[in-house]
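> show me how the following folds:
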Amino acid sequence: MSKVVETIKGVPFHLANHVAYAEGSVVSKTLLKKEAGNITLFSFAQGQGLSEHTAPFDAVVYILDGTAQVTIGGKASSVSAGQMLVMPANIPHALLAEDRFKMLLVMIRSD
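Numbering: from 1, shown residues only. A predicted model of the protein is given here:
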């Protein structure tokens, strides 16, 4: 399993420009998919989100644009452009777009 978006190989680019907003939707674009992990861009229209779930590995979220409410283990935090957080493995988490927002998700598939 190995996938890289060919247009970004070896070329500088602005992350936020690689995923567009869509009214009433969540949009995702996988930039890199490997056995060791994935790098995915997301955009969320205002009011959209990801319902509470768990993942077997740690994930890093970097907010590129806008504001989101991120709930980890029942504790909600408001995060905005330029902030990042780590969502620990096996802890329930959810995201909700307070305003429309974009994020980079880095999932690391290792203990």
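> which one's the longest strand in this protein?
strand 93-108 (DSSP state E).
> now do the buried residues in that strand.
By neighbour count on 16 or more other C-beta atoms under 10 Å, the buried set for strand 93-108 is 93-98, 100-107. From N, CA and C alone the C-beta is placed, and that goes for glycine too.
> where does this structure dip in pLDDT?
1-4, 111 (pLDDT under 70).
> all helices for it, in order.
Here the chain has no helices by DSSP state H.
> tell me, how many residues neighbour the residue lying closest to residue 58 once chain neighbours are set aside?
Computed as C-beta to C-beta, 6 or more residues apart in numbering, the closest residue to residue 58 that is not its neighbour in sequence is residue 89, at 5.1 Å. Counted by other C-beta atoms under 10 Å, the residues lying close to residue 89 total 16.
> isn't residue 55 right up against residue 107?
Yes: at 6.9 Å, residue 55 counts as touching residue 107 under the criterion of C-beta atoms under 8 Å.
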